[in-house]
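Visitor: Predicted model, plus sequence, below.
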Amino acid sequence: MTTSNNESFIQRTCLPSEMLQWNDRNIMSVLKNCLGKELSKVTMPVTLNEPLSFLQRVCEYMEYAEILNKANKEEDPADRMKLVATFAVSALASNWERVGKPFNPLLGETYELQRNDFKILCEQVSHHPPISAFHAESSNYKFYGSINPKIKFMGKSINIQPKGMVTVELTRWNEAYSWSNVNCCVHNVVVGKLWIEQLGTMEIKNHSNGYRAILDFKEASSSQEANKVFGIVENDEKKVRYRLFGKWNEFLKCASEEDYQLCMQQKHVNESMSSHDRNSKKLFSKLNSFKMPSFLGVNIQDDLVGTSELKSLSLNEDADISSDIKSALLWKCKERPAYSSKYYHFTDFAMQLNAINPIASHPLCNTDSRLRPDIRYLEEGDVTAASAQKNRLEEKQRGAELSRKGQNNDSWQPRWFKFDVNPLTKHEDWMYSGGYWERSHQTTSQIF
Ligand SMILES: CC(C)CCC[C@@H](C)[C@H]1CC[C@H]2[C@@H]3CC=C4C[C@@H](O)CC[C@]4(C)[C@H]3CC[C@]12C
């Protein structure tokens, strides 16, 4: 089932085969001995996997990358920051309902994706610990970084810390923005419906002018609160310019600080008129907190709070105002395909990632994730063959590692990235060293 569209690849509308239902996957029998352990070191059955490598999953950050084209066009640094923050939130949207485990990439595995407006290359640059580096570029921006996911089984839930930094460069401004992704939690691993939460504080810094955005991903204390995100954009003098609010799996809106303050004042006037006596105490404490630099009612580290005078009220109040306040829509999440739940809850974007482009003008690099037989078999619904291939590849990788050790040559050199200081952010990270798109792939080793 394929349709072609105006981009130069064939668009799939679903995968070749439906997935096993979650209840056929006996998660507990695997996890019972893993309490508190780092899960990347545990061999898991292929029935817990989704037919994508983690390198392919990383590319899903790019689904709404057109937001960065807009950011590059903005003249006001606060507007650029607002859109970079929007991109950072949109990048997480595809995680909603996705509870399959991507395959661990093999050392040296790569993945490339070329679209009309950008191209991205990923490489597994380290196996212990697992580190995936990526580098995307277009005429308007670069987006790159590395991720070392720490995955821990906590009994009822799985905690994921996506360690590593990501950076956006806007070409026209020669500016770099960087942040770390928030933690993520998979709930109800033992019983109930599996669901995924993003939570914590994300600080996005513009390294050239001191502007920053702070985004708070709220803990789902109730189903109403689930997936909510609140944030601010502030200038180099720590004056708030914009308020951001939305849900990472649905939308993000923005209000100017002036409109936000007006709306808050209005709200307090209304409240004090309607239930004067009963609520006067409550109101007093609210007005107090209005002046308190308790950012969005959440405790965050002091260095994030800084010296801003007015950081905000509690989150619930922000939630109430979201309907009255004058705001602009920054991003809206696309709907999932209707049959998505039969295909690992993939988005349309994810559905394309493991397809081999039949009209490509170049042969695929032999380390590309699309050539992994275990992922291919799972995609086709052949769990037995997928499992056999997964074991074979993992053993082959162990063998190669042992033989490097035997030759006293324990240092694997990634092919397309090198560890270096980024001159714009002054941080050390895996940086693309070039050459991949010129297609001189002959020197890559045979890892599958
Ligand atoms: C035993 C089974 C149920 C475990 C399933 C664990 C799955 C849901 C975990 C394993 C690795 C995790 C990913 C690791 C790193 C990142 C990068 C981060 O920026 C967004 C979340 C994301 C993409 C995580 C999403 C959830 C994830 C895919």
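Guide: Good, I have the coordinates.

Visitor: Enumerate every residue touching residue 428.
Guide: 419, 420, 421, 422 (Cβ atoms under 8 Å, 6 or more residues apart in numbering). All C-beta atoms are positioned from the backbone trio N, CA, C, and that covers glycine.

Visitor: Next, give phi and psi for it.
Guide: phi -80, psi 130 (degrees, to the nearest 10).

Visitor: bridging residues for it?
Guide: Residue 428 forms beta bridges with residue 421, as assigned by DSSP bridges.

Visitor: re earlier: from the contacts of residue 428, which single one is nearest residue 91?
Guide: When these are ranked by distance to residue 91 (Cβ to Cβ), residue 422 comes first, at 19.4 Å.

Visitor: if we can go back for a sec, is it possible to get TSV of the contacts of residue 428 that adds distance to residue 330?
Guide: Formatted as TSV, the contacts of residue 428 follow (distance: Cβ to Cβ, whole Å):
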residue	distance to residue 330
419	35
420	33
421	33
422	27
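
Visitor: between the residues you listed, which has the most around it?
Guide: Counting neighbours by other Cβ atoms under 10 Å, the top entry in the contacts of residue 428 is residue 422, with 19 neighbours.

Visitor: Was I right to think that one contacts residue 207?
Guide: No: with contact defined as Cβ atoms under 8 Å, residue 422 does not count as touching residue 207 (9.1 Å).

Visitor: so what sits against both of those two?
Guide: Listed as contacting both residue 422 and residue 207 by Cβ under 8 Å, 6+ apart are residue 176.

Visitor: At which residues are the helices of the stretch 101-250 of the chain located?
Guide: Under the criterion DSSP state H, counting those that start in this stretch, the stretch 101-250 of the chain carries no helices.

Visitor: quick one: low-confidence parts of this structure?
Guide: Applying pLDDT under 70 to the chain flags the ranges 1-8, 22-26, 274-323, 410, 443.

Visitor: Show me the longest helix that occurs in it.
Guide: Assignment by DSSP state H gives helix 383-406 as the longest helix of the chain.

Visitor: So what touches that helix?
Guide: Outside helix 383-406, the residues that touch it by Cβ under 8 Å, 6+ apart are 20, 43, 45-47, 49, 103, 106-107, 127, 372-375, 377-378, 410, 412, 447-448.

Visitor: returning to what we had before: closest one to residue 198 out of the contacts of residue 428, please.
Guide: Once Cβ to Cβ is applied, the member of the contacts of residue 428 that ends up nearest residue 198 is residue 422, at 25.4 Å.

Visitor: check contacts around the closest one.
Guide: Applying Cβ under 8 Å, 6+ apart to residue 422 gives the contacts 167, 176, 428, 429, 431.

Visitor: quick one: contacts for the fourth one?
Guide: Taking Cβ under 8 Å, 6+ apart as the criterion, residue 429 is in contact with 144, 145, 146, 164, 165, 167, 419, 420, 422.

Visitor: can you do 10 Å?
Guide: If a contact means Cβ atoms under 10 Å, 6 or more residues apart in numbering, then residue 429 has 133, 144-146, 164-167, 178, 417, 419-422 as its contacts.

Visitor: Centre of the chain to stretch 212-220, how far?
Guide: Centre-to-centre, stretch 212-220 and its host chain are 14 Å apart (Cα atoms, centre = their mean, to the nearest Å).

Visitor: Pretty sure residue 71 sits in a helix.
Guide: Yes: counting by DSSP: H, G, I helix; E, B strand; the rest coil, residue 71 falls inside a helix.

Visitor: Spatially nearest residue to it, not counting backbone neighbours?
Guide: residue 83 (3.7 Å; Cβ to Cβ, 6 or more residues apart in numbering).

Visitor: Helix, strand, or coil at the one you found?
Guide: helix.

Visitor: Please give me every residue in contact with the residue positioned nearest the centre of the chain.
Guide: In the chain, the residue lying closest to the centroid (Cα atoms, centre = their mean) is residue 92, at 4.0 Å. Applying Cβ under 10 Å, 6+ apart, we find residue 92 in contact with 60-61, 162, 181-182, 184, 196, 198, 202, 217, 227, 229, 248-249.

Visitor: Which members of those additionally contact the ligand?
Guide: The residues of those that also fall near the ligand, by Cβ under 6 Å from any ligand atom, are 162, 181, 184.

Visitor: among those residues, who's most crowded?
Guide: residue 181 (23 neighbours).

Visitor: Distance of the residue nearest to that residue when sequence neighbours are not counted relative to residue 202?
Guide: Of all residues not flanking residue 181 in the chain, residue 162 sits nearest, at 4.4 Å (Cβ to Cβ, 6+ apart). Distance check for residue 162 against residue 202: by Cβ to Cβ, to the nearest Å, it reads 11 Å.

Visitor: any residues in contact with both of those two?
Guide: Joint contacts of residue 162 and residue 202 (Cβ under 10 Å, 6+ apart) are 92, 180, 181, 182.

Visitor: burial of the closest residue to the second one other than its chain neighbours, as a residue count?
Guide: For residue 180, ignoring the flanking residues on the chain, the nearest one in space by Cβ to Cβ, 6+ apart is residue 165 at 5.4 Å. Other residues lying near residue 165 total 17 when counted by other Cβ under 10 Å.

Visitor: who's in contact with residue 165?
Guide: Counting by Cβ under 10 Å, 6+ apart, residue 165 has contacts 144-147, 178-181, 422, 425, 427-429.

Visitor: try 6 Å this time
Guide: With contact set as Cβ atoms under 6 Å, 6 or more residues apart in numbering, residue 165 has these partners: 145, 178, 180.

Visitor: Ramachandran angles for the last one?
Guide: In terms of degrees, to the nearest 10, the main-chain angles of residue 180 are phi -110, psi 150.

Visitor: what's the distance between it and the ligand?
Guide: Residue 180 is 9 Å from the ligand, where distance means Cβ to the nearest ligand atom, to the nearest Å.

Visitor: how many neighbours does that residue have?
Guide: 18.

Visitor: ok, now the first one?
Guide: Burial of residue 145, expressed as a neighbour count using other Cβ under 10 Å, amounts to 25.

Visitor: partners of it in the sheet?
Guide: Residues in beta-bridge contact with residue 145 (DSSP bridges): residue 134, residue 166.

Visitor: wait, doesn't it sit right on residue 166?
Guide: Yes: counting by Cβ atoms under 6 Å, residue 145 touches residue 166, with 3.3 Å between them.

Visitor: Could you count how many residues lie near the residue nearest to residue 156 when sequence neighbours are not counted?
Guide: By the measure of Cβ to Cβ, 6+ apart, the closest residue to residue 156 outside its immediate chain neighbours is residue 190, 5.8 Å from it. Counted by other Cβ under 10 Å, the residues lying close to residue 190 total 12.
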